[in-house]
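Q: build me a model:
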Amino acid sequence: MSFWNLNDGNDPLPTDGAFESGGGNMEPIPADTSVLAVADEAKWDHYGDEPDYISLRWSILRPDEYKNRKVFQKIRVNADDPKKADKAKRMLAAIDANAGGKLVAAGEMPTDESMTRCLTNKPMVLKLQVWELDDKSKSGNWVAAVSPRKGPPQAAAKEPEPVKEPVTTPETVDDFSGDDDIPF
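A: Okay, the predicted model is just below:
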């Protein structure tokens, strides 16, 4: 069997030279949707005459209805407008903090290698918004906010309160024969 033979034994060459793979445009995820996602690609990129920017590709883990969808994020840390550059650096710092904080701790401009090592495969929550071209010919999602996977980080570690164990006597022993209150 030749590489070019299809599994059904047919010739892959269309008679008229045309081919359509199917599929189509996917609607963007609705605005203000929060998703659990991981960056699966982090690198420096550029487009035309724009200053270099950091490009992240996010893969959605949850909710299941959006699982494996991709969201692309441009973090314009080198924007010509200092306010936009600072806003982008704050976004990158938040992503880094949720991923362990190693890039900011290094204090250096991140490289493709350091971003891949430090930012990828670290689950966090993204809040998505929708962008649309003026002529409505294209639309998609953009990352409006990032947050930790499990609640906001604690500002300072506090000494835990001592746990008071209930005194169990034969009169106060709970009957665990029912499982109505078990959350799983």
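Q: excluding sequence neighbours, find me the nearest residue to the spatially most central residue of the chain.
A: Nearest to the mean C-alpha position of the chain, by Cα atoms, centre = their mean, lies residue 37 at 3.2 Å. Excluding the flanking residues, the one nearest residue 37 by Cβ to Cβ, 6 or more residues apart in numbering is residue 58, at 4.4 Å. For every residue, glycine as well, the C-beta is placed using N, CA and C.
Q: how many residues are close by the one you found?
A: As a burial measure, residue 58 scores 24 neighbours (other Cβ atoms under 10 Å).
Q: contacting residues around it?
A: Applying Cβ atoms under 8 Å, 6 or more residues apart in numbering, we find residue 58 in contact with 37-40, 70-73, 126, 143.
Q: about what we covered before: residues touching the residue nearest to the centre of the chain, list them.
A: By Cβ under 8 Å, 6+ apart, the contact list for residue 37 reads 58-61, 71, 123-126.
Q: show me which of the residues you listed are buried.
A: Among the contacts of residue 37, those scoring as buried are 58-60, 71, 124-126 (criterion: 16 or more other Cβ atoms under 10 Å).
Q: please enumerate residues in contact with the helix ranked longest in the chain?
A: Ranked by number of residues, the top helix in the chain under DSSP state H is helix 82-98. Outside helix 82-98, the residues that touch it by Cβ under 8 Å, 6+ apart are 39, 53-54, 56, 75-79, 102-104, 118-119, 122, 124, 143, 146-149, 153.
Q: with stretch 61-73 instead?
A: By Cβ under 8 Å, 6+ apart, the residues outside stretch 61-73 that reach it are 26, 29, 33, 35-38, 55-60, 123, 126, 128, 140-143.
Q: repeat that for 6 Å
A: 29, 35-36, 56-58, 60, 141, 143 (Cβ atoms under 6 Å, 6 or more residues apart in numbering).
Q: ok, so of these, who is nearest residue 6?
A: Among those, residue 57 lies closest to residue 6 (Cβ to Cβ), at 31.3 Å.
Q: who does that closest one form a beta bridge with?
A: Judged by DSSP bridges, the bridge partners of residue 57 are residue 41, residue 72.
Q: what's the local residue count around it?
A: 16.
Q: that one against residue 38, yeah?
A: No: in this structure residue 57 lies outside contact range of residue 38 using Cβ atoms under 6 Å: 9.9 Å.
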